[in-house]
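Asker: quick one, structure for this:
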Amino acid sequence: MTHDEAGHVPDTHEHPERDFHAALARARFARYAHLLDSSIRLPGGFRIGLDGIIGLIPGIGDLAGVMASACLVVLAARSGVSTSVLMLMIYNIATEMLLGSIPVVGDIFDFVWKANERNLALYDEFHAHPYKGRQKNRLKAALPLFALFGLLVIAGIAAVAVIKLVVRIVAGL
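Answerer: Numbers count the residues shown, from 1 in each chain. Sure, this is the predicted structure:
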């Protein structure tokens with residue numbers, strides 16, 4: 001039995017049933033990502049998907065898009081994608097949700113960002129090289145979490161400042 005540089009036994013495709021299910025899961029992921037991000041061709045060759053169109057619905061559009069994208073993350077998790085890659089996928093979806101929720105500019109961002117196609121690339125990269133780059137993916141997954149934590153701290157500080165200002169105004173009346 002041979003081992004790769006990391007000491008893992010390489011996949012020799014001796015499990016045709018597992019390979020069939022993996023190919024089926026990948027095809028399902030790709031089809032769903034295409035539907036959500038680039039299934040509609042516009043004049044000039046630019047492509048948009050249902051995710052961006054759904055995002056135009058005020059109030060619930062972005063949430064519905066996130067729910068649809070989350071299905072792909074579940075599919076990736078079931079196929080054995082590492083936690084660090086799943087975190088990157090969630091980061092892509094969260095970025096699309098947060099920036100997509102900004103009126104007008106966010107709707108344009110929603111059509112351009114294509115979180116599901118980005119997640120398909122992560123899915124493919126992981127399954128092509130499951131042991132390669134795990135440390136790099138962990139770092140890439142951790143940085144957005146630190147940035148999100150920083151934004152939450154800033155938002156919390158801003159909220160406290162606004163509350164103090166409101167209390168001063170109300171107390172002064």
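Asker: residue 101 - how many residues pack around it?
Answerer: For residue 101, the neighbour count with other Cβ atoms under 10 Å is 16. All C-beta spots, glycine's among them, are computed from the backbone N, C-alpha and C.
Asker: which residues touch it?
Answerer: residue 62 (Cβ atoms under 8 Å, 6 or more residues apart in numbering).
Asker: how close does the closest residue to residue 41 other than its chain neighbours get to residue 20?
Answerer: Nearest residue to residue 41 in three dimensions, chain neighbours excluded: residue 47, at 5.4 Å (Cβ to Cβ, 6 or more residues apart in numbering). Relative to residue 20, residue 47 is positioned 30 Å away (criterion: Cβ to Cβ, to the nearest Å).
Asker: between the two, who's got more neighbours?
Answerer: Shown here are residue 47 and residue 20; by other Cβ under 10 Å, residue 47 has more neighbours (15 against 10).
Asker: residue contacts, the more buried one?
Answerer: Shown in contact with residue 47 (Cβ under 8 Å, 6+ apart): 37-41.
Asker: buried ones among these?
Answerer: 37-38 (16 or more other Cβ atoms under 10 Å).
Asker: and which of the contacts of residue 47 is nearest to residue 94?
Answerer: Relative to residue 94, the closest of the contacts of residue 47 is residue 37; by Cβ to Cβ it sits at 16.0 Å.
Asker: now the strands: where do they sit in this protein?
Answerer: Using DSSP state E, the strands of the chain run over residues 40-41, 47-48.
Asker: in JSON lines: the contacts of residue 47, plus distance to residue 114 and pLDDT.
Answerer: Supplementary listing: those in JSON lines, determined by distance: Cβ to Cβ, whole Å; pLDDT from 0 to 100:
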{"residue": "37", "distance to residue 114": "4", "pLDDT": "94"}
{"residue": "38", "distance to residue 114": "7", "pLDDT": "94"}
{"residue": "39", "distance to residue 114": "11", "pLDDT": "94"}
{"residue": "40", "distance to residue 114": "13", "pLDDT": "94"}
{"residue": "41", "distance to residue 114": "14", "pLDDT": "95"}
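Asker: between the contacts of residue 47, which sits nearest residue 64?
Answerer: Of all the contacts of residue 47, residue 37 has the smallest distance to residue 64: 14.6 Å, by Cβ to Cβ.
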